[in-house]
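Peer 1: the following block contains a protein sequence and its predicted model.
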Amino acid sequence: MALGTYPSRRYARAWMTQRIVNRAPGWSYIRKVPNSVGQQIINPLGNYIQETVQQLTKERYNMFVSTADVSELDQLHFLDLPSTMDFDSTENSAGESNYTPPQVYGTISGSEYEITQAEKNNIETMSYDSIASRIEENGTAHVYSEVIPTGTVANLGTVSPGTIVVEGHLYITISGNETWSMESTDYIYYPKCYITGVTRKGTEVKEAVPIRRNGTFKTINEWNSVTSVMISYVDEDALITIETFPWARDGLVDTQNICVPTKGGERPLFLRLGTQAFGSTFISESYTVSDLDMVRAGIDDKEIVSEIELLDESNLPVTITDFALKLNSRYLYAIDDSYLYVYDYSLPSPDMRNASSESPDSKFDLYADKWLLTRGEEIILSTRNNAILDPPSNVRFHLLDPDGLEFYVGVDGSLWSTTVAAWIDNATWYDGLWTELHIPFTFSKNGEYVVTLEAQYIDQTTRVSSILKSQFLFYLPAITPEIQLALPAALTIPEAIGFDSDQQVWLKKYSSVHKLDVFHDYFIVDYQNKRVWCNELYSKIRVTV
Amino acid sequence: MANNVNFIGFSFYINPQVEFEGVQTTQNIVNHFDLASDLIGLPRLEGESNIDFKKRIMDVEVHPSGGTYEGVINGLSRDLGFLREKTIKIELLLNSAGEPIASNPRVPS
């Protein structure tokens, strides 16, 4: 089997879509309903603009050496083919000739492996968007210790800073603090953490890191050693940790996505793992308020924006130990006892094909607080009759589950076989009235659940009945890894994973950190100049046409 | 691999080569680090990775090159890709008053 694979997921729901449609009036369907036809049309455009915004952010960081991404493409390795070697070509129905890609084999530690051609035979798909194809233990390992192990702020003075095991940025984690400013007659003081020491560059500096909420903060400087740490204006019993990898964190800030509500302010997203009875989930959450002053004032509750089930290559749930985000990409690296999983963590978009039989002249809206759910979560689906003068004589709820099974639903949420008539009579139909229904649902599988409300109307004069359908889609997202790589034998059952400042991957095991080499084995072919370009350097490569 | 040459009458054809084995050549790709290094006149070395190049760029500020003995050492070693690292640390023996035991100690750099 060839090393490497192509991204499997091409279509995701962009947060930019909601940002675009938020320019529409507050009452409009396109703004309010994430699965509306309007949003489905906007989403490809939303994805495109979102990518552009992310590119601009990346370019802004790349303007400075200290923040530039070291994983940017720096070198490629090519092999010139002899002039006597010609690529095969095939002719398509239009009479155009297309080259047949060659097979390329690289020799790695004495064994030959087939390498995958980059998806579109260009640099983007070979280097920037490609998925890790191989991992190896680097051999570099250090005994790991935090610079400041978790302890109270009151005890900080008695702790001398430990050594930095992997040079680079430091992560300061604060939890349990409740005081966010100290006022004197003339000044307001805000909490800050001061780190004094020697940077990676070799300069002696003191950096002040503003602490404006409970969470994890990254230093601007890359550090070689720390001589002293001081923190001011926080509670004595607040907890502080300073470390090379953000392992004491509660949540990681999502650098690629933000939470865009239908109305109100946009908010940052925080990422963490969730534990469910069936396995691990990947949770994106945000503060319930967009104003960080209110967060500091104590309204620091978070709400789950989406919870995605993590599956393995065989679509079975996995129990993930830890994850780390790859810089400037939509990939996250997650580990369990035996594998490293590379997931595309952008929010998957539901398959809408089963939710497209709504009657154009439907008089009912179906609505719920959330449409993104996780298994076991209870949700109430409510009806809203937009034609109050023309109520239905009876209604019926139909449920299509992700496996294609069909049910009728009772008013208490119970599921009935479709052999039962299951009509719910409108007891007040003769009075021309309607009472809105609120049906509780709990789902047990991941995927798309489509609820269809069939409302039966009877013409009072002709006695002819007609049925109008309204639909609502619940989505329980789940993602399969783009690739699943077996961990080196010495590094199975790791405790944590992290990226250092040089974008190298480290695994923690038995209080040591071990460096992991991650490779991207892909090639592109320059058919005209007979040259094969590779991402990685092999001791030897073999090309056959 | 030798080509198979088959004579047919007065003409001949060469069986096209179908396999080739070789060793790759490394080519650097210009990126943001090269743009930053242009500003300080420090070209990337052949086959140098971003990580190593970034260290050399940052070294310019800490170990400036120049016409002095120290400056020449700094400039030469950096341009050749050797970064100066601390290898030994000399701790002075102090007396009870906190002064060096030897008078006027000096270590040439």
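Peer 2: That came in fine, so what should we check first? These numbers were taken from a predicted model, which means no experiment stands behind them. Numbers count the residues shown, from 1 in each chain, chains lettered A, B, ... in the order given.
Peer 1: what's the closest non-adjacent residue to A:R272?
Peer 2: Among residues not flanking A:R272 along the chain, A:G251 sits closest, at 4.5 Å (CB to CB, 6 or more residues apart in numbering or on different chains). Placement of C-beta: from N, CA and C, glycine included.
Peer 1: what's the burial count for that neighbour?
Peer 2: 19 (other CB atoms under 10 Å in any protein chain shown).
Peer 1: residues in contact with it?
Peer 2: The contact partners of A:G251, taken as CB atoms under 8 Å, 6 or more residues apart in numbering or on different chains, are A:215-216, A:270-272, A:285, A:302.
Peer 1: restricted to strands, list those residues.
Peer 2: With strands taken from DSSP state E, the overlap with the contacts of A:G251 comprises A:215-216, A:270-272, A:285, A:302.
Peer 1: please enumerate the helices of chain A.
Peer 2: Assigned by DSSP state H, the helices in chain A fall at A:15-21, A:29-32, A:37-62, A:123, A:292-296.
Peer 1: which neighbouring elements make contact with the third one?
Peer 2: The helices and strands touching helix A:37-62, judged by 3 or more CB pairs under 8 Å, 6 or more residues apart in numbering or on different chains; DSSP states H and E, are helix A:15-21, helix A:29-32.
Peer 1: mind exporting the shortest one as CSV, just the C-alpha atoms?
Peer 2: Think helix A:29-32. What follows is helix A:29-32, C-alpha atoms only, in CSV (Å, rounded to 0.1, in the frame of the first residue of the first chain):
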residue,chain,number,x,y,z
TYR,A,29,-35.3,32.6,7.2
ILE,A,30,-31.8,32.6,5.6
ARG,A,31,-30.4,34.2,8.8
LYS,A,32,-32.3,32.2,11.3
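Peer 1: pull the contacting residues for the closest residue to A:P101 other than its chain neighbours.
Peer 2: Once flanking residues are discounted, A:P101 sits nearest to A:Q117: 5.0 Å by CB to CB, 6+ apart. For A:Q117, the contact set (CB under 8 Å, 6+ apart) comprises A:101, A:104, A:522-525.
Peer 1: check which helix or strand the residue nearest the centre of chain B maps to.
Peer 2: Central residue check for chain B by CA atoms, centre = their mean: the C-alpha nearest the mean position is that of B:G81, 3.0 Å away. Using DSSP states H and E, B:G81 falls within no helix or strand.
Peer 1: measure the residue nearest to it when sequence neighbours are not counted to chain A for me?
Peer 2: Excluding the flanking residues, the one nearest B:G81 by CB to CB, 6+ apart is B:L45, at 5.0 Å. B:L45 sits 11 Å away from chain A, taking CB to the nearest CB, to the nearest Å as the criterion.
Peer 1: around B:L45, how many other residues sit close by?
Peer 2: Counted with other CB under 10 Å, B:L45 comes out at 14.
Peer 1: quick one: it and B:L83 touch, right?
Peer 2: No: counting by CB atoms under 8 Å, B:L45 sits too far from B:L83 to count as a contact (11.9 Å).
Peer 1: before we move on, the earlier item: may I have the beta-bridge partners of the residue nearest to A:P101?
Peer 2: Applying DSSP bridges to A:Q117 gives these bridge partners: A:F523.
Peer 1: list the contacts for A:S362?
Peer 2: Applying CB under 8 Å, 6+ apart, the residues near A:S362 are A:455, A:468-470.
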